[in-house]
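S.K.: Turn this into a structure:
(one chain, ligands or ions: 1)
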Amino acid sequence: MTNWETIIGLEIHAQLNTESKIFCGCSTRFGDEPNSNTCPVCLGLPGALPVLNWRAVELGARAALALGLNINYRSIFARKNYFYPDLPKGYQISQYDQPFSANGVLEIMTADRDEAGHAHNWRPMTINVTRLHLEEDAGKNVHEGLPDVDRYSYVDLNRAGTPLAEIVTEPDFRTSWQAYDYVNHVRRALQWVGASEADMEKGNLRCEANVSVRRIGDPFGTKVELKNLNSVRFMQRAIEFEVERHIKTLESGGRLVQETRLWDEKLTETRPMRSKEEAQEYRYFPEPDLPPLVVTEDFIVEVRDALPELPGPRAKRFAESYGLSFSDAAQLTAERSLADYYESAVEASGNARGAANWIRSELSRELENAGLTADKSPIPAAELGALVRLIDEDKISGKQGKDVLVEMFATGKSAVAVVGERGVVQVSDTGEIDRVIDEVVAASPQQLEQYRAGKEALFGFFVGQVMKLSKGKANPKVVNERLKEKLK
Ligand SMILES: [Zn+2]
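M.R.: Below is the predicted model:
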């Protein structure tokens, strides 16, 4: 299989985070009574005219800039004609030859994966993002959970007219994991700038992959479009399956057809859906009911200036100014709220690495178990910083710190309060530790003799006895130092 090359291009549809639809005032709320959020415009009734929701343009602009695209001053809405029961107008208002934004250059980080799927060897990769355009979503056909579904299909048009950003890349990906890393990058970037919730489970981020293989040096092979990819992981698995299927087919002398295939997660395989329509079958033409979409340079500058520091640059800055590894910095910038939390904790603790370690391990585990994001943490960043400081000042040990953190998380109490109540303050006073050591040494004359005769492994025995007698409160660092001195 070594002389085969995989070619992957991706299309993402992200629902823009507006309160109302893109061409009418209907709500975009999810989960309402079917067909309750509809009006003559999104029902496609004759004579109803669309009016562009400017909020969708603003969020589209945020998304475009966050993904390195250039916004066009003038773009055109176009009708994409096709028949489907969830599309009452018989066409979708989209953009075609003059999209809202184009020619993006996006740097992502990608990694190799070992057998268990663990990432290693993170490195930057440049992706050419062909375009991001604005369009409306279609409604939904419902085939489940309603009376007589064996005989009838139902149509819910609450989703019809919801604003989408369609983001298309060049066929730049060579492995399924690169595609995986890209979709995660886009998802995080859209959430980061508030353009979209980008939640694949809720269906407000959907992706499709165009996959083909070729022998290295050959022209592009036959392309298959993969749909029904309901998570980033499913997408990665579907691409793997498809690549293998292509190579097997071609190596056994078979032929591939250009088609759309659906991923079946239960059977872990793809199956054909329909043969691919050619672009011209949509008979695109400019939407006569909407003027060209015109934005000014001032508008673009305003949107750009309002963007927060993006995750890529922020991870880089964390790595450089706080001395973190790339994977630690990446983990701390997985979400904007976590990155904000980290920076506040650094300020409160004065220890960038210590704060990073405590957040990445102990705090993240508690947050995950509770299903919370960092901004909802019962331990405020300043208090996590206070905990790190108590450890740095040797007031408590790292081990004690773990228990203190768990209690702070459960009760919302401050670090100092928990430490005070539990009496867990660490003993670093050498006089007090010396007294305990003397007691231990006096009680273990045999061990002392053996140790002094060269049985150095017994050092651990003494440490253990001292820790036991001090009920775990003695500072292990001081115990080690003092014991070395005393056992000489
Ligand atoms: Zn409407």
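
S.K.: May I have the phi/psi pair for the residue of the stretch 351-488 of the chain found nearest the ion?
M.R.: Using C-beta to the ion, the single residue of the stretch 351-488 of the chain nearest to the ion is Thr373, 32.4 Å away. C-betas here are computed from N, CA, C, even on glycine. Dihedral pair for Thr373: phi -90, psi 170, per degrees, to the nearest 10.

S.K.: and if you look at Pro286?
M.R.: Residue torsions, per degrees, to the nearest 10, at Pro286 are phi -60, psi 140.

S.K.: Spell out which residues sit in contact with it, please.
M.R.: Shown in contact with Pro286 (C-beta atoms under 8 Å, 6 or more residues apart in numbering): 76-79.

S.K.: Tell me the one of those nearest the ion?
M.R.: Nearest to the ion among the contacts of Pro286, with distances taken as C-beta to the ion, is Phe77, at 16.5 Å.

S.K.: still on that earlier bit, tell me the contacts of the residue of the stretch 351-488 of the chain closest to the ion?
M.R.: Neighbours of Thr373 in contact, by C-beta under 8 Å, 6+ apart: 335, 337-338, 367.

S.K.: Over to Leu293?
M.R.: Counted by C-beta under 8 Å, 6+ apart, Leu293 has contacts 52, 57, 74-77, 100, 134.

S.K.: Out of the residues you listed, who's the most crowded?
M.R.: When neighbours are taken as other C-beta atoms under 10 Å, the top entry among the contacts of Leu293 is Leu134 (28 neighbours).

S.K.: For that residue, give me the pLDDT.
M.R.: We have a pLDDT of 98 for Leu134.

S.K.: same deal with Ala198?
M.R.: Note for Ala198: predicted pLDDT of 94.

S.K.: Is it within a helix or a strand, and which one?
M.R.: Using DSSP states H and E, Ala198 sits in no helix or strand.

S.K.: quick one: contacts of the lowest-mean-pLDDT helix or strand in the chain?
M.R.: The helix or strand of the chain with the poorest confidence is strand 269-275; it has a mean of 83 (mean pLDDT, DSSP states H and E). Contacts with strand 269-275, where a contact means C-beta under 8 Å, 6+ apart, come from 224, 226-227, 238, 241-242, 245, 257-264.

S.K.: how about 6 Å then?
M.R.: 238, 241-242, 259-263 (C-beta atoms under 6 Å, 6 or more residues apart in numbering).

S.K.: list the buried ones in it?
M.R.: Residues of strand 269-275 classed as buried by neighbour count (16 or more other C-beta atoms under 10 Å): Thr270.

S.K.: same deal with stretch 302-321?
M.R.: Buried residues in stretch 302-321, defined by neighbour count with 16+ other C-beta under 10 Å: 303, 310-312, 314-316, 318-319.

S.K.: Give me the lowest-pLDDT entry from those residues.
M.R.: Gly312 (87).

S.K.: Surely that residue is within a helix?
M.R.: Yes. Assessed by DSSP: H, G, I helix; E, B strand; the rest coil, Gly312 belongs to a helix.

S.K.: Now it. Nearest residue, chain neighbours left out?
M.R.: Using C-beta to C-beta, 6 or more residues apart in numbering and skipping the chain neighbours, the partner closest in space to Gly312 is Glu107 (6.3 Å).

S.K.: now Ala352
M.R.: Tyr322 (3.7 Å).

S.K.: Quick one: list the elements packing against whichever strand or helix holds Val129.
M.R.: According to DSSP H and E, Val129 maps onto strand 119-136. When contacts are defined as 3 or more C-beta pairs under 6 Å, 6 or more residues apart in numbering; DSSP states H and E, strand 119-136 packs onto strand 91-95, strand 101-113, strand 163-169.

S.K.: ok, the last one: who's next to it in the sheet?
M.R.: Which is strand 163-169. Here strand 163-169 has these sheet partners by DSSP bridges: strand 4-15 (antiparallel), strand 119-136 (antiparallel).

S.K.: and what of the shortest one?
M.R.: Sheet pairing of strand 91-95 (DSSP bridges) gives strand 77-81 (antiparallel).

S.K.: I'd like the mean pLDDT over the partner strand, please.
M.R.: 97.

S.K.: cool, and stretch 426-446?
M.R.: Here the average pLDDT along stretch 426-446 is 86.

S.K.: Other residues contacting that stretch?
M.R.: Contacts for stretch 426-446 (C-beta under 6 Å, 6+ apart): 394-397, 448, 465-466, 469-470, 473-475, 478-479, 482, 486.

S.K.: Take the residues you listed and keep only those in helices.
M.R.: Applying DSSP state H to the contacts of stretch 426-446, the entries found in helices are 448, 465-466, 469, 478-479, 482, 486.

S.K.: Just the closest residue of the stretch 201-350 of the chain to the ion, please.
M.R.: Asp289 (14.3 Å).

S.K.: pLDDT below threshold where in the stretch 151-300 of the chain?
M.R.: Counting by pLDDT under 70, the stretch 151-300 of the chain contains low-confidence residues at 274-280.

S.K.: For Ala64, give its distance to Glu309.
M.R.: 17 Å (C-beta to C-beta, to the nearest Å).

S.K.: hey, where'd the strands end up in the stretch 151-300 of the chain?
M.R.: For the stretch 151-300 of the chain, applying DSSP state E, counting those that start in this stretch gives strands covering 154-156, 163-169, 205-215, 224-229, 259-264, 269-275, 285-286, 293-294.

S.K.: Minimum distance to Asn70: which of those strands has it?
M.R.: Nearest to Asn70 among the strands of the stretch 151-300 of the chain is strand 163-169 (13.7 Å), distances taken as C-beta to C-beta.

S.K.: Report the angle between the closest one and strand 205-215.
M.R.: If you take axes from the mean of the first three to the mean of the last three C-alpha atoms, to 10 degrees, strand 163-169 sits at 20 degrees to strand 205-215.

S.K.: Can you report how many residues neighbour the nearest residue to Pro88 once chain neighbours are set aside?
M.R.: The shortest distance from Pro88 to any non-neighbouring residue, by C-beta to C-beta, 6+ apart, is to Gly44 (3.6 Å). Residues within reach of Gly44, counting by other C-beta under 10 Å, total 17.

S.K.: Give me the local confidence score for Gly44.
M.R.: Here the pLDDT value assigned to Gly44 is 93.

S.K.: How is it assigned, secondary-structure-wise?
M.R.: Relying on three-state DSSP, one would call Gly44 coil.

S.K.: Verify the contact between it and Gly90 for me.
M.R.: No. In this structure, Gly44 is not within contact of Gly90 by C-beta atoms under 6 Å, at 7.4 Å.

S.K.: Would you enumerate the residues in contact with Ser414?
M.R.: Shown in contact with Ser414 (C-beta under 6 Å, 6+ apart): Glu383.

S.K.: Tally up the residues packed near the residue nearest to Ala352, please.
M.R.: 18.

S.K.: If you count contacts, what does the longest helix seen in the chain end up packed against?
M.R.: As assigned by DSSP H, the longest helix anywhere in the chain is helix 232-251. Packing partners of helix 232-251 (3+ C-beta pairs under 6 Å, 6+ apart): helix 176-192, strand 205-215, strand 224-229, strand 269-275.

S.K.: Buried residues in the second one, which are they?
M.R.: For strand 205-215, the buried set under the neighbour-count rule, 16+ other C-beta under 10 Å, comprises 205-214.

S.K.: In TSV, list the residues you listed along with distance to Pro272.
M.R.: Below are those laid out as TSV (distance: C-beta to C-beta, whole Å):
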residue	distance to Pro272
Leu205	25
Arg206	19
Cys207	19
Glu208	15
Ala209	15
Asn210	15
Val211	14
Ser212	16
Val213	18
Arg214	21
